[in-house]
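Peer 1: Fold the stuff below for me.
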Amino acid sequence: MNFHALSILYMKQKNHRQKSQKAWVWPVVVLFLAIFLSLTFSILSELILQDTVVAIAIIIIFVFIFISVLFDMLGLAVASSNIEHFTAMAARKIKGSKQAIALNKNADKVSSICCDVIGDVCGILSGAAGASILVKLAISGGDFLSILIPSIVSAIIAGLTIFGKAAFKRFAIKHANDITLKFAKFINFFTRKD
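Peer 2: Residues are numbered from 1 along each chain as shown. Next up, the predicted model:
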């Protein structure tokens, strides 16, 4: 092998190593982001639920479930969207199309943040808020009821979350481009980049 061939081989191996190292950066960022958001939302929900009546706590649970379902839908829509659609829109200078292209190019990261970080954190917190309601109700009625009622509340919260995500998956895939563009326009409103 000559020097030129060795240098090309070395550069390919070096690029492969750098890509392998960069592949671990994103999951670590997501780990810390999930811990930070979970801790922040958990503290806020505990502060809010601490002296709250049960009816408001139930509304907070529904808000967490709604956020979880909404972000799951957004993450799936971005991952399912078609970049060619947004490229054509960008050529016509349609507002939000550049952000939609950026979202599509980073679909793995957007989906991870929306579905895994925000969606799952809100899902977990809705369960914690449900537990907080049970503590407020101070269930007393024997061992069987103290096991049955928390289990029913947890099952209802999980069922509603899973139902919402399942109901909107088909919608997210079918209307992926429209949802992604609306999400991009929302982002555009705050970034003012188009």
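
Peer 1: For the residue most central in space within the chain, give me its contacts.
Peer 2: In the chain, the C-alpha closest to the average C-alpha coordinate belongs to C114, at a distance of 2.2 Å (CA atoms, centre = their mean). C114 sits next to F71, D72, L74, G75, V78 when contact means CB atoms under 8 Å, 6 or more residues apart in numbering. Every residue, glycine included, has its C-beta placed from N, CA and C.

Peer 1: And the last one, how far from G96?
Peer 2: It stands for V78. 13 Å (CB to CB, to the nearest Å).

Peer 1: more neighbours, these two?
Peer 2: V78 (26 against 23; other CB atoms under 10 Å).

Peer 1: Which pLDDT does the model give the more buried one?
Peer 2: For V78, the model assigns a pLDDT of 94.

Peer 1: how many neighbours does the residue lying closest to S126 once chain neighbours are set aside have?
Peer 2: Using CB to CB, 6 or more residues apart in numbering and skipping the chain neighbours, the partner closest in space to S126 is F64 (3.8 Å). Neighbours of F64 under the rule other CB under 10 Å: 24.

Peer 1: Contacts only, for F64.
Peer 2: Listed by CB under 8 Å, 6+ apart, the contact set of F64 reads S45, C122, G123, L125, S126, A129.

Peer 1: which stretches of the protein form strands?
Peer 2: Counting by DSSP state E, no segments of the chain form strands.

Peer 1: can you list the weak-confidence ranges in it?
Peer 2: Counting by pLDDT under 70, the chain contains low-confidence residues at 1-23, 135-147, 192-194.

Peer 1: so where do the helices sit in it?
Peer 2: Remark: helices assigned in the chain by DSSP state H are 3-50, 54-80, 83-91, 97-105, 107-111, 120-137, 142-174, 176-191.

Peer 1: Now the third one: buried residues?
Peer 2: Translated: helix 83-91. Buried residues in helix 83-91, counted by 16 or more other CB atoms under 10 Å: I83, H85, F86, M89, A90.

Peer 1: Would you quantify the distance from the spatially closest residue to the second one that is not a sequence neighbour to V117?
Peer 2: Excluding its sequence neighbours, the residue lying closest to H85 (CB to CB, 6+ apart) is N177, at 4.9 Å. Look at N177 and V117: by CB to CB, they are 24 Å apart.

Peer 1: for F168, same thing?
Peer 2: According to CB to CB, F168 and V117 sit 18 Å apart.

Peer 1: Tell me who's in contact with the residue nearest to I60 when sequence neighbours are not counted.
Peer 2: Counting by CB to CB, 6+ apart, A129 is the residue found nearest to I60 once chain neighbours are left out, at 5.5 Å. Residues in contact with A129 (CB under 8 Å, 6+ apart) are S45, L49, A57, I60, I61, F64.

Peer 1: if I read this right, the fourth one contacts Q50, doesn't it?
Peer 2: The reference is to I60. No: in this structure, I60 is not within contact of Q50 by CB atoms under 8 Å, at 11.7 Å.

Peer 1: Right, I'll leave it there.
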